[in-house]
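K.L.:
Show me how the following folds:
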Amino acid sequence: MDRKVVIPGEIIIDGDEYLPGENTEKKEGKIYSLRYGLAEEQNNLIKVIPLSGVYSPRRGNIVIGKVENVTANGWLIDIGYADSAFLSLMEVPRFVNKDAMEEVLDIDDMVLAKIWSINKRGIDLSLKSRGLGKIEDGIIFEVNPNKVPRIIGKEGSMIKLIKDNTGCDVTVGQNGFVLIKGETISSELYAKRAVLFVAENSYVSGLTEAVDKWFKENKE
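P.N.:
Numbering: from 1, shown residues only. Predicted coordinates for the structure are as follows:
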């Protein structure tokens with residue numbers, strides 16, 4: 001089955017051999033979409049990748065956020081969700097002087113973190129993985145969080161394509177914030193244009209070919 005754009009309530013496929021995956025449901029042998037997005041099939045499992053909507057946090061997500069407040073035992077971080085997330089002192093992989101917490105992270109600093117727990121109290125973040133921590137350089141911008149899977153691509157294929165063509169490192173937070181680091185501002189802006197092209201054309205089938213063509217037509 002080719003990827004196709006579907007709307008809520010639309011029949012994606014008919015057949016007992018198919019199973020409903022994310023954002024779908026099965027009734028009387030037919031699989032229906034529950035979201036506006038891209039329907040795809042993998043090993044007879046049908047799922048819909050949403051193309052619109054707000055960010056919904058999940059454990060294990062890598063996110064980019066902004067420090068909103070410094071408390072006695074950690075930091076409150078805005079990750080573009082209704083509630084702030086909390087980064088505890090215990091989840092920072094270095095010694096933190098409690099009297100000088102601003103030296104580690106201060107208000108308005110940007111940080112790359114991982115969601116390690118979601119509970120009634122809220123969302124807990126951690127910096128205890130390689131590459132996480134305060135963002136010191138590069139450019140950051142926002143895309144619709146539901147476009148993130150398309151920007152990353154299957155097994156990171158789209159990010160690799162952008163990286164290979166621009167020479168920049170591209171980090172995509174699941175909450176829709178994108179960090180680009182390159183040798184020059186112009187290469188970072190070039191990579192940003194490429195990412196925005198993917199986001200704007202996320203519904204296109206054959207997106208990799210379209211991005212390849214875009215790079216050929218928009219050589220730096």
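
K.L.:
At which residues are the helices of this protein located?
P.N.:
Per DSSP state H, the chain carries helices over the ranges 148-152, 157-166, 185-200, 207-217.

K.L.:
Reformat the ones you listed as TSV; add mean neighbour count.
P.N.:
No exception for glycine: its C-beta is placed from N, CA and C like everyone else's. Formatted as TSV, the helices of the chain follow (neighbours: other C-beta atoms under 10 Å):
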stretch	mean neighbour count
helix 148-152	20
helix 157-166	18
helix 185-200	18
helix 207-217	14
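
K.L.:
So which of the ones you listed is nearest Val92?
P.N.:
Each of the helices of the chain has some distance to Val92 by C-beta to C-beta; the shortest is helix 148-152, at 25.7 Å.

K.L.:
Tell me how far the closest one lies from the chain's centre.
P.N.:
Remark: helix 148-152 is offset 7 Å from the chain centroid, using C-alpha atoms, centre = their mean, to the nearest Å.

K.L.:
do stretch 102-121 as well
P.N.:
Its chain's average C-alpha position is 16 Å from that of stretch 102-121, according to C-alpha atoms, centre = their mean.

K.L.:
now stretch 141-159
P.N.:
Counting by C-alpha atoms, centre = their mean, stretch 141-159 comes out at 6 Å from the chain centroid.

K.L.:
I'd like to know how many residues surround Lys30.
P.N.:
Using other C-beta atoms under 10 Å, Lys30 has 15 other residues around it.

K.L.:
I'd assumed Ile13 was in contact with it.
P.N.:
Yes - counting by C-beta atoms under 8 Å, Lys30 does reach Ile13; the two are 7.5 Å apart.

K.L.:
Gly122 and Leu132: what is the separation?
P.N.:
Separation of Gly122 from Leu132 (C-beta to C-beta, to the nearest Å) stands at 19 Å.

K.L.:
Which of those two has more residues huddled nearby?
P.N.:
Regarding Gly122 and Leu132, a neighbour count based on other C-beta under 10 Å identifies Leu132 as having more, with 18 against 14.

K.L.:
isn't that one right up against Ser126?
P.N.:
Yes - here Leu132 reaches Ser126: they are 7.5 Å apart, a contact under C-beta under 8 Å.
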